[in-house]
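In: Give me a 3D structure for the following:
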Amino acid sequence: MPTPDQNPTPAGAPRPGWSVLFVCTGNTCRSPLAEAICKRLLADRLGCDPAELEARGYVVRSAGVSAYPDDPAAPPAVEVAREHGADLSAHRSRPVDPELLAGATHVVAMTRGHAVALAMRFPGIGPEPDLLCGPDDDLGDPIGGDLELYRACARVIRGHLERLLPAWLAGRGRGQTDRAIDRPERTGTMKIAVGNDHRGVAAKQRVVAVLKELGHEVIDLGAQSAQSVDYPDFAIPVAEAVAAGKADRGVLICATGHGMCIAANKVYGIRAANCRDLIDAEMSRLHNDANVMCLSADLISEDAMARMVRTWLETKFEGSRHARRLGKISKYEQDHSKK
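Out: Residues are numbered from 1 along each chain as shown. Model prediction:
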């Protein structure tokens, strides 16, 4: 059941371990939608009700750079939030203030203009704002538009939050969300879940060596021998680790890569791509934001595989129109998932 959101935590409350502040103009449509959808997604990941998040140390808020206090959310925003399993009927707007910014571990602006306004009005207070849609794109304002425009806005918000949440939950600090998701530095902080069947044992050893060389932490979920096994028994645990935020990315290896890819894509939130060459590796990240890479042990040399893994890990997701398209997939997935 949707849970009312009244922005219950006072601005001066003790700083939690994890807090995100969404910022738009009037705090009646875009940022409340982002807040409500974020709470819903976060609660689903943690297996709790949105009302329980703050007790667990997770605070999600929204505010506006030009907001009047206590305005309700726009009626279409309330309706669309309900479609995403959230309730904005009790939402009341509030302006951004220094306490809100200082208490946040992540500040997310809907547009570059909002980020500039925060920097000018509150220099040096709180974390540097990230842009929800990435550095080169703004989230359009649906105010005054019809219900379909609000729905489109919510789909874009949801698509970006589904990418951002794993990085936030992994404890990455301010200003690192885009880098952590799109082009991670070789700092050893990324967790890569790796799985294979009996045909991929040798190839996995080469992949693991490359991952460690790049400084990443490897979660090896098997198989460990050439004894015949069933690929879903390894594809699904890797995909679930990525979907749950326990791993940042996943790499799967079987004879052709097809079986692993089919199995992994059955897990909610997974975008697995079967890559055969460097172009596949690059484009699966650039346009599709793939979070699981599937490889063929029989059709790709180990040297080529090593180059592909490097390229896949280092290629930046372009966002923009591609994020909109992924948002449509996420919306379908949400609408048709079993509750």
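In: domain ranges for this protein?
Out: The record assigns the chain these domain ranges, following automatic domain parsing: 18-181+321-336, 184-314.
In: the helices in the stretch 51-200 of the chain, which residues?
Out: In the stretch 51-200 of the chain, the helices defined using DSSP state H, counting those that start in this stretch lie at 75-83, 98-102, 112-121, 147-169, 177-182.
In: For Cys133, find the nearest of these.
Out: Nearest of these to Cys133, taken as Cβ to Cβ: helix 147-169 at 6.1 Å. Glycine gets a C-beta too; all of them are placed from N, C-alpha and C.
In: name the helices or strands packed onto the closest one?
Out: strand 18-24, helix 30-46, helix 75-83, helix 177-182, helix 321-336 (3 or more Cβ pairs under 8 Å, 6 or more residues apart in numbering; DSSP states H and E).
In: among the ones you listed, which gets the worst mean confidence?
Out: Note on those: helix 177-182 shows the lowest mean pLDDT, a mean of 33.
In: Quick check: most distant residue from the centroid of the protein.
Out: Using Cα atoms, centre = their mean, the residue of the chain lying farthest from its centre is Gln227. It sits 36.3 Å away.
In: if I read this right, that one contacts Arg199, doesn't it?
Out: No - using Cβ atoms under 8 Å, Gln227 is not in contact with Arg199; the gap is 11.3 Å.
In: Name all residues that make contact with the residue lying closest to Gly126 once chain neighbours are set aside.
Out: Leaving out its chain neighbours, the residue that sits closest to Gly126 by Cβ to Cβ, 6 or more residues apart in numbering is Leu101, at 3.2 Å. Each residue near Leu101 by Cβ atoms under 8 Å, 6 or more residues apart in numbering is listed here: 21, 107, 118, 122, 125-127.
In: again, 7 Å this time
Out: Leu101 makes contact with 21, 107, 122, 125-126, according to Cβ atoms under 7 Å, 6 or more residues apart in numbering.
In: which of the residues in stretch 319-331 are buried?
Out: 319, 323-324, 326-327, 330-331 (16 or more other Cβ atoms under 10 Å).
In: Okay, now the unreliable bits of the stretch 1-150 of the chain?
Out: Within the stretch 1-150 of the chain, the stretches with pLDDT under 70 are 1-17.
In: returning to what we had before: of the buried residues of stretch 319-331, closest to Ile253?
Out: Among the buried residues of stretch 319-331, and counting by Cβ to Cβ, the member closest to Ile253 is Leu326, at 24.8 Å.
In: Excluding residues flanking it in the chain, which one is nearest that closest one?
Out: That would be Gly159: by Cβ to Cβ, 6+ apart, it lies 5.0 Å from Leu326.
In: distance of the one you found from Glu217?
Out: Separation of Gly159 from Glu217 (Cβ to Cβ, to the nearest Å) stands at 27 Å.
In: out of these two, which sits in the more crowded spot?
Out: Between Gly159 and Glu217, counting by other Cβ atoms under 10 Å, Gly159 is the more crowded of the two (24 against 14).
In: Quick one: residues contacting the more buried one.
Out: 323, 326-327, 330.
In: farthest-separated two in those residues?
Out: Ala323 and Ser330 (9.9 Å).
In: What mean pLDDT does stretch 234-246 get?
Out: 91.
In: Can you tell me which of the buried residues of stretch 319-331 is nearest Lys266?
Out: Of the buried residues of stretch 319-331, the one sitting nearest to Lys266 (Cβ to Cβ) turns out to be Ser330, at 15.4 Å.
In: Before I go, just wanted to say thanks for your time.
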